[in-house]
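Peer 1: Any chance you can model this:
(2 chains)
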Amino acid sequence: MKLATWNVNSLKVRLPQVIAWLDANPVDALCLQELKLPQEKFPAEALAELGYKASWAGQKTYNGVAVLSREVGTDVQVNLPNFEDPQQRVIAVTLPSAVGDIRVISAYCPNGQAVGSDKYAYKLAWFAALHDWLREEMQRYPRLAILGDYNVAPADADVHDPAKWAGDVLVSEPEREAFQRLLSLGLTDAFRLFEQEEKSFSWWDYRQFAFRRNAGLRIDHVLLSASLVPHCAACIIDKAPRRNEQPSDHTPVVATLDFKGVS
DNA sequence: ATGGTCGTCTCACGA
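Peer 2: Prediction:
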């Protein structure tokens, strides 16, 4: 079973790239973030033609999340139930697997803009609510995977130039603590289960030839509950879509779960 | 050197 996440920065602009990527990289579920389109503009038909069902939470201009899946997602939950918020940042669905139902969540965590700003305070409050909700969600769904754009680089190894970024939004200590609190619920960063190339990133700023210089951050993550970790056979960042013309500033992260042999 | 580039009902703002 393959689970992937991709912040597409406008599904309207990126739909042809999403279709091309899915053609080349069939997955069981693809979590999308930053759809930037209203609920009624979601391209469900084009994705259905590819064989993907979809659950989505749209919002005009900003945010918006979806889960595309081979099997229909059930028990769809939109947004954090414990956090009143007009911004569409979370969608959770239940998918069948060889070992039983898996809860798959697509999350677009707030960016935070700048340390000390109102948006930064909102980010930390949002993470606290995510934490509290996940604790309950993991009790209900012991097999849980939450994928998305966390807008947090968990460690200096996830930052191209830690000295330059020190203390800034996306790497500041309170944000990293908020991320670690999610892990303390019993979630594991799938990417770090495996040996990885140094300077592996999932996002590069559009400016200053950042991708060409590999001046990026690893802020897109796949977190797995403990019962899924033994099944995780691989987790990779696919840099290829970042080389496309008119790319998203993020590139997909893909986790492979193997249910053969291990129960 | 506080710049730069995207996407959005663009001449501003969020990322």
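Peer 1: Over in the stretch 51-200 of chain A, which residue gets nearest DNA strand B? Let me know.
Peer 2: Going by Cβ to the nearest atom of the strand, DNA strand B is nearest to residue A:111 of the stretch 51-200 of chain A, at 4.0 Å. In this view, the C-beta of every residue, glycine as well, is placed from N, C-alpha and C.
Peer 1: Give me every residue in the stretch 101-250 of chain A lying close to DNA strand B.
Peer 2: With Cβ under 7 Å from any atom of the strand as the criterion, the stretch 101-250 of chain A meets DNA strand B at residues A:110-111, A:113, A:119, A:206-208, A:246.
Peer 1: what's the most distant pair in these?
Peer 2: Taking Cβ to Cβ, the two most distant members of these are A:119 and A:246; they sit 27.0 Å apart.
Peer 1: Looking at the two, which is more packed in?
Peer 2: The neighbour comparison of residue A:119 against residue A:246 (other Cβ atoms under 10 Å) goes to residue A:119, with 14 against 9.
Peer 1: what are the phi and psi values for that one?
Peer 2: The phi and psi values for residue A:119, taken as degrees, to the nearest 10, are phi -70, psi -30.
Peer 1: how near is it to residue A:130?
Peer 2: Per Cβ to Cβ, to the nearest Å, residue A:119 is found 16 Å from residue A:130.
Peer 1: ditto for residue A:84
Peer 2: Residue A:84 sits 14 Å away from residue A:130, taking Cβ to Cβ as the criterion.
Peer 1: and residue A:254, how many neighbours?
Peer 2: Residue A:254: 20 neighbours (other Cβ under 10 Å).
Peer 1: quick one, phi psi at it?
Peer 2: Backbone geometry at residue A:254, expressed as degrees, to the nearest 10, gives phi -130, psi 130.
Peer 1: go on, residue A:158?
Peer 2: Phi and psi for residue A:158, reported as degrees, to the nearest 10, are phi -100, psi 10.
Peer 1: Quick check: it touching residue A:218?
Peer 2: Yes: contact criterion Cβ atoms under 8 Å: residue A:158 and residue A:218 qualify, at 3.7 Å.
Peer 1: all strands for the stretch 51-200 of chain A, in order.
Peer 2: With DSSP state E, counting those that start in this stretch as the criterion, the stretch 51-200 of chain A has strands at A:53-57, A:65-69, A:74-78, A:90-95, A:102-108, A:144-149, A:187-189.
Peer 1: I'd like those laid out as JSON lines, including mean pLDDT and mean neighbour count.
Peer 2: JSON lines is the format used below for those (pLDDT from 0 to 100; neighbours: other Cβ atoms under 10 Å):
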{"stretch": "strand A:53-57", "mean pLDDT": "98", "mean neighbour count": "21"}
{"stretch": "strand A:65-69", "mean pLDDT": "98", "mean neighbour count": "26"}
{"stretch": "strand A:74-78", "mean pLDDT": "98", "mean neighbour count": "14"}
{"stretch": "strand A:90-95", "mean pLDDT": "98", "mean neighbour count": "24"}
{"stretch": "strand A:102-108", "mean pLDDT": "98", "mean neighbour count": "26"}
{"stretch": "strand A:144-149", "mean pLDDT": "98", "mean neighbour count": "26"}
{"stretch": "strand A:187-189", "mean pLDDT": "98", "mean neighbour count": "19"}
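Peer 1: Those: which one's closest to residue A:23?
Peer 2: Going by Cβ to Cβ, the one of those nearest residue A:23 is strand A:65-69, 12.9 Å.
Peer 1: OK, now which residue of chain A is nearest to DNA strand B?
Peer 2: Counting by Cβ to the nearest atom of the strand, chain A gets nearest DNA strand B through residue A:10, at 3.1 Å.
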